[in-house]
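>>> coords below, sequence missing:
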């Protein structure tokens, strides 16, 4: 196959849809700086920008793998639109979580599951999910397991993970992407449900 860097974005998308992970890595390297800068410029928070950046490319991966990517324009505009929509969703979610109207008789702000102590069933389900996640993580390659642990259990940003592991942010993101894909595959194969 010709050098991936010489391919157009659309050719790389097609190659990735046909199973070439290296094609997506090329797309990621080609667009990551611009997309991250766009997100950072709007949200003005590095940790939040890291989260949205990762979610942007995970959503792109999912869309392409499901065959839902439409060549309706440039890949760069498409990926930026995904980032933009995720930024809007994030701000909407923050607004809805922080805003309650005492005038709304239908909303009982004290009858919220996240404010309750929970029950034994919830606790058992959460314990089982944590056990399943740990078991699946243990079957991943060390580099993927390390990034997952740092991101979700130590709450480190991708910049911090990259510095701690001595790799680029793109490599850390790539390892996270492969870890998530592998975890989903293992969970599906073993009929494990990782949500409440």
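Good, I have the coordinates. Keep in mind that what you see is a predicted model, and the values were worked out from it rather than measured. Residues are numbered from 1 along each chain as shown.

>>> now the element after the worst-scoring helix or strand of the chain on mean pLDDT, going C-ward?
Of the helices and strands making up the chain, the lowest-confidence element is helix 120-138, at a mean of 75, by mean pLDDT, DSSP states H and E. Past helix 120-138, further along toward the C-terminus, the next helix or strand under DSSP states H and E is helix 142-148.

>>> I'd like the average pLDDT over that next one.
For helix 142-148, mean pLDDT rounds to 89.

>>> buried residues in it?
143-148 (16 or more other Cβ atoms under 10 Å). The C-beta positions use only the backbone N, C-alpha and C, and glycine is treated the same way.

>>> skipping its backbone neighbours, what lies nearest the residue nearest the centre of the chain in space?
Geometric centre of the chain, nearest residue: residue 55, 3.3 Å, by Cα atoms, centre = their mean. Nearest residue to residue 55, sequence neighbours excluded (Cβ to Cβ, 6 or more residues apart in numbering): residue 86, at 5.5 Å.

>>> looks like the one you found contacts residue 49 (just checking).
No. The pair residue 86 / residue 49 is not scored as a contact, 10.8 Å apart, by Cβ atoms under 8 Å.

>>> quick one, which of the two is more surrounded?
Ranked by neighbour count (other Cβ atoms under 10 Å), residue 86 and residue 49 place residue 49 first, with 24 against 18.

>>> cool, thanks, talk later.
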